[in-house]
Structures are given as C-alpha cells and as structure tokens.
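K.L.:
the sequence isn't on hand, but the structure is:
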C-alpha cells in the first residue's frame, strides 16, 4: 500500500480541463430516465477482452467492473477490490475483494473469478488486447475466497495504472458465462454472454440500430446508477449530430468533431462542452527502414531511401513543419502544437517543442547538406486516410509547407484499413498523417514505439528506445522515472523516429440537463453517476 | 409468359453468382483485411497469422469462395469476423428500412416527375415547361448528400425540430429490436427527409425522360385520332399518351434501383438510419468480407428481381408486348 501511495502521490493528474461534475446533493438527484447517447463510429463487437475501438471500450466501462479505478485527477479508487497492497519489493500485489459484488448472471465475484480472468488474459489463445501490457505478470493466486494475489516477474511501476485503465483495464468476467458462451457470442453482443459486474447490464445490441444497457439493480454501490437505461446509437455525420443535439433527440455526444465545436456552441449555447489537454498525438510519421529483402516485416533491414537520413528527417519533420500554422488551420487553434512523443495530457509528459522551432532556412540548409536542392529536388509520398477529415487538411498544409522548402509532398489518400495494413505490415510509405492511440502514461506507448512493436510503423531499429521504456517501467522512484521520461522524449525528438505535430483534441458534448458526468478523455465514458435533471 | 418468367428466374442464378464472385475477388484484392481491423492497436504479426488461419483467410481465394458458396446453399450466409453476428440476421433486420426508403423515394420521384413531365410536354415552350425543366436540371445536378444536409438545416435545425434529424422509427409490428418505439406517424416523420433527399434527383431525371417520351407520343397518330374522336384532353393524355410514354421511363426506373441503393448508402449515413446502406459501407470500410458478400448478394438479388418485374410491367403498359 505504501508504494501504491507513492504512486498515487506522484501520479500526475489526468489532463482534465473541465469536469462536469455538477455535483448536487444526493437528495437532489433525480433517479430514473433514459440517457440517449450518440457515438461517432459503429461498435465493432462486444468481446471486451479482444476487440479494438473506443466505442466498445466505452460500453465496457459501464458493463464491466475491475479491481480498481482511476479518477481523472490520478487517484486510484476501489472498484471490486476494497483495498490493495503492494509488497516492498514491488513483486506482489494483494487485493482484498468486496464480498457483495455480483456478476450480471447472478454469480458471485470472488478471488477465483479474478484469477480466472487474469489467466485468460495471459493465455495467448485468448488474443487479449491487453496481453502486451501483462509482460510483468507472472501469475495470480487465490489466497482465500476474497483475497487474490498477483505475482510479478519484475517490479512494474504501472501495475495499478494498467489494471485500472490500460485500454479496458482488467475487466472481470464471469467464469460461468465465459465457459458457457463462445467468443463469437460475446463478440455478437449476446446479452447472456456479455456478463460483467458493472453498473449497467447489456440488454441488447443490434448493430447499426442501437445498444441498450439497463441499470443493474444489484450493483454493489448503493443507489448507483441513477439512470434506468442508456441507449446508444451511431450518428456519424457531425451535422446530423448537431441537429439531433439541438432538437433534444440525444443527451450526449461521446466523441464530437473539433472542427464543429464553434458551430455547435453557437447553435446550442447551453450545451456542456467538455475537453481537456490532449492525450492522443497527431503524428506525421516518417519511415526509417525498409525490408532489405523486399519481404515485409523482415528483420533484415535497409535504410529508407529518404528518411533514414537524420538530416532529412530533421529538415522535413522538425524545422520544416510549422506546427502552429497546422493547428491554426486544421484545428482552428483548438489543439496544442507539440513535438514530444508523449501528448500534452499524458502523465510524465515534457514540452520539448522548443527543440523543433519552425526554421525554413535551417531546414533548407540541412536538405542541401543531404544533397537535396534545385538540382536534386526532394519528393516524397504523404499518405493519409479517410477516417477523419482533419487528416487531409493537415496533409494539405504540410504539402504547402514542404513546397516552401522546395520539397514536393504527393498526397496519397487511402481508407483506414489500407493505412492500418501499411502501418502494421511494413507496407511502403514515406510519411503518414494520423492520430494514434490515447496515452494515459508514457509506458503505454510501448506497443507503438519500441523497435519490436507491431505498431512501430517507422520501423526504427534503435534498441536504445526499448531500453528507455524498460527502465521507465521498472523504475519505482517517481522522480527518477520522470527524469527517464524526459530523457526519452528529448531523445525521441533528437532522432525523430516519431514525429508529433500536435495533440489531437477530444470533445464531448452534453445537454444542460445531463448531470454528474465526469470527463475522462477517451479513456472511459462512464454513466454510473449520471442523472437527468428534467 | 410462364416459360419466359421461368427462363428469367433461371438466369438470375448465374448473374448473382457472377456478381458475388466478382465482389469476392475484388474485396480480397484491395489492401487491408478484417484481421487488421479485428486486432486494431493490439496488432501483432503472430496474432494476425493465427487469426487468418482461424478464419480461413490464408486459403486461396477460389477455395474461400466455394466454402462461402457451399454454406450459402445451405442457408448459411456466414458470420461477421468482426462482430460475430450472423450476416443473414443483420441483413434481414436492415432490409425493411432500405426497402421502405427506396420504395418511398421512387414514389417521391414519380410524384414529382409525372405531373412535371406532363405539364412540360403539353405546355411545351411555355413558362411552366421552362420551370419544370429547369427544376429538373437543378435536381439532377445536386447530389443526395447536399440535398439531405439542406433538408436537415431547414426542417430539423431551422424549424425547431419539425422533423427528426436521425434514427428510425419502425412501423408497428416490424420492430426487430427488443427496445423499440413503433408508430406509423413516427415512421413517416423519420422517412420523409431521407426519401425526398434520395427521390429528388431521381425525380429530375425521370421528369426529363418522361417529358421527352410524352412529346414523342402526343404527336403520334393514335393520339391525334383519339382527339379527333372527340375524347377529352385528360383521358387522351393520361390514358393513351402517358401509358405508352411510361415504357422507357419504367425501364430506367428499374435501372435506377442500382443508383438508389448507392444513394441509400449516402442518405442512410447522413440520417443515421439502420438500413442496408450503412451496413454495406461499414462492412466495406472494415473489410468485413462476410458482410460485404451478404450486402452484394441481397443488392444483386434485388436488382435483378426488380428488373424482371419491370420487364413484366411492359405487358401491362403495352398489351402488344408478348413474351414467348
């Protein structure tokens, strides 16, 4: 518990600018009602342990419960575990469970269920999406029916962060339901198969139509949740979202386009507009190596013809890109120009933007040094995808900024799966624009940027980066850890394996009558304390 | 007639097989596959290889196609790799929404096109003709999404929510979900803007086509004869001229079904309708092969059946047409 406290004390607060905790006395809260929610994208499926997508994750954070939770200001609070303790060497975490926690199928949540869940995650056959974060976990043991102990292979400073909030966090599954139903049934959202211990239980999911969750009356926290029901449907077009919001057809937009915030504000002046420091980086990633033998993902690497040269990377990605201009045009000023590998709202972030000032003469000089100029003009391909219109705007601004340097950037527009395939499978690209995953802490970026990561789309081979992450994750002293994070971020800018442009802003919109909602960026969208004042 | 219908029905089978095969091959030829979407940011090459094996995506395309076909003839349309949901179930849930949208948008198109074309033809080169043809030209030129956004701005945002901006209300007795509101009035409110957004462009096209046909027909000898016999103008135009002028229009209407399905993708996305259009586009974007096949199958089937019905309509419009 002592080291936990240390972690708690030093866990820098989540970047939360506006907390819509219109906290009213419990007696004033109105119980009941249906919350109507709009998502901007379709839910892929409902197997919380394996499927990707924020939309699924936001459902999971209401249907599921975990051992612990993380508050927006960085405090760990009990969920199904009423208390926890870490051993002095940081290798044993012991969790005492509440005795009154039930799964939605009526079975009890006990230490065996926790062990069952952890074992499933550790089993490669499960293909758990958090398995890559469980590298430190050795095993879970049942000490008594309500005490479970997790043994680590080595000290891991972010054990609690991981359990609380890396992707879904450790969501506990009913072993009974798991054994009774298949993964396909969970993916398909069969209510009997998607069994958690959260404040809401799944009633139905009809893909394309709606997802319905009802209050779980036997939820362990008395009086929670207030809402009777939550209905989620997908409205992709921001104009339609605004129309539905203005007409009162929906109460909450879980993910609203930054481009349209000003319009919405003008149309619906009483709307609660929630945002915070960005936790997702917008990047202009440059490819560093290519397969020497032409086989994608080959370990035999050759330098990328253009961007393996650090002078070119620096000229184009560092001094040649005017981040302020991009933010002004693409985000109407509603984002932070940023260079560091870790976005502004992430724990242990450091503002190293000054390392890359916009300096076209310096960029031109570096290009000339690398052999590029009027006699040998530099041309590269700038890939972007159709998922968000802002990507194309950013790519167009970069193209314009490159033209000022005498560099030609040819934009290639592809759809999201094509981009994902190129990024993950070592496909051909020179630079791409995209916003990557939300990051709670630096450690979470491991799966995107170490040399061995599937998502190391730059395909750098610098193992020094891997060492930084390993040292950072295992360093239990927060002060030393912060220093490593700073070192990593400076090294990253120096090498530009990862080229951040800005933070990627995230907005949520709520009707004035929606009370008690706490903004937690993309990480969690929880309705357990929401009530409707109407 | 019966032989003709049986022959046409028989022809449907190879047509659909060909379409589904082409779609099958094309989908697998474009970059990306469902495994990349399935694994998302937890992607590792080892997991991807295992997943492709598990879903049979590592087999040759032709083998995969015949596996799909083999299941199809047993009534199994497959299961979505991403959502795990049976494709047939999802198609059947979404089909009524798109069917209603397409039928009503065609109704809107005819409701606008027939009077406009008649007025344009019988009052050729007058202000009413010019107005009808100009509006038709404008209608053809404006894409569905733009008309849809205009409708949203006017009837939903501008008029204080006169019409709902999004979603769907089922007709009583057709609700596929457990939690569902159903009412005739609610359904009308929800379908009006999408049907008009989709129908206006088709109306414009049909107006121009029908007007040209009408101009040709009202100059034929049998129409002159009908007038000479002393028939009033109304029956001459509506009973004799219009019926014959409709034949090329009906042909185009059949062919327009394909465009309506394409337009439904845009309109359903804009108005967030749970129809086949959004199903299809989501499936394509996610490279959900099984769902794309389901979408191709149902749309191809709808297209050939509707065109068969169109061919049969000719015998009603012109009794001289006989099918051997």
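P.N.:
Sure, I can see it. Computed from a predicted model, the values in this text were never measured in an experiment.

K.L.:
what pLDDT is listed against residue A:128?
P.N.:
For residue A:128, the pLDDT comes out at 88.

K.L.:
identify the residues contacting it.
P.N.:
Residues in contact with residue A:128, defined by Cβ atoms under 8 Å, 6 or more residues apart in numbering or on different chains, are A:49-50, A:120-122, A:134, B:42. Yep, even glycine has a C-beta here, placed from its N, CA and C like the rest.

K.L.:
same thing but 6 Å
P.N.:
Contacts for residue A:128 (Cβ atoms under 6 Å, 6 or more residues apart in numbering or on different chains) come out as A:49, A:121.

K.L.:
and what of the one 5 residues further on?
P.N.:
Contact partners of residue A:133, counting by Cβ under 6 Å, 6+ apart, are A:162, A:166.

K.L.:
tell me the confidence at it?
P.N.:
90.

K.L.:
now do residue A:21
P.N.:
39.

K.L.:
likewise for residue B:288?
P.N.:
For residue B:288, pLDDT reads 91.

K.L.:
what's around the one residue in chain A that gets nearest to chain B, how many residues?
P.N.:
Chain A approaches chain B most closely through residue A:52 (2.2 Å), counting by Cβ to the nearest Cβ. Neighbours of residue A:52 under the rule other Cβ atoms under 10 Å in any protein chain shown: 22.

K.L.:
what is the lowest-mean-pLDDT helix or strand in chain B packed up against?
P.N.:
Taking mean pLDDT, DSSP states H and E as the measure, helix B:34-39 is the helix or strand of chain B with the lowest mean score, a mean of 82. Packing partners of helix B:34-39 (3 or more Cβ pairs under 6 Å, 6 or more residues apart in numbering or on different chains; DSSP states H and E): helix A:416-424, helix B:45-54.

K.L.:
local confidence estimate at residue A:205?
P.N.:
93.

K.L.:
now it: which helix or strand?
P.N.:
If you go by DSSP states H and E, residue A:205 is part of strand A:200-206.

K.L.:
in JSON lines: the helices and strands packed on helix B:34-39, plus mean neighbour count, mean pLDDT and distance to residue B:154.
P.N.:
Below are those laid out as JSON lines (neighbours: other Cβ atoms under 10 Å in any protein chain shown; pLDDT from 0 to 100; distance: least, Cβ to Cβ, whole Å):
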{"stretch": "helix A:416-424", "mean neighbour count": "24", "mean pLDDT": "85", "distance to residue B:154": "33"}
{"stretch": "helix B:45-54", "mean neighbour count": "15", "mean pLDDT": "86", "distance to residue B:154": "47"}
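
K.L.:
what's in contact with the host helix or strand of residue B:64?
P.N.:
Secondary structure assignment for residue B:64, by DSSP H and E: helix B:61-73. For helix B:61-73, contacts defined as Cβ under 6 Å, 6+ apart pick out B:24-25, B:28.

K.L.:
show the buried residues in these.
P.N.:
residue B:24 (16 or more other Cβ atoms under 10 Å in any protein chain shown).

K.L.:
so which of the contacts of helix B:61-73 belong to strands?
P.N.:
Among the contacts of helix B:61-73, DSSP state E puts none in strands.

K.L.:
which one among the contacts of helix B:61-73 gets closest to residue A:163?
P.N.:
Minimum distance to residue A:163 across those is 40.0 Å, recorded for residue B:28 (Cβ to Cβ).

K.L.:
thinking again about what came up before, want to try TSV for the contacts of helix B:61-73, with distance to residue B:188 and pLDDT as columns?
P.N.:
Formatted as TSV, these follow (distance: Cβ to Cβ, whole Å; pLDDT from 0 to 100):
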residue	distance to residue B:188	pLDDT
B:24	39	92
B:25	42	92
B:28	42	88
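
K.L.:
identify, from the contacts of helix B:61-73, the entry nearest to chain A.
P.N.:
residue B:28 (12.3 Å).

K.L.:
below-threshold pLDDT in chain A: ranges please.
P.N.:
Regions of chain A meeting the criterion pLDDT under 70 cover residues A:1-27.
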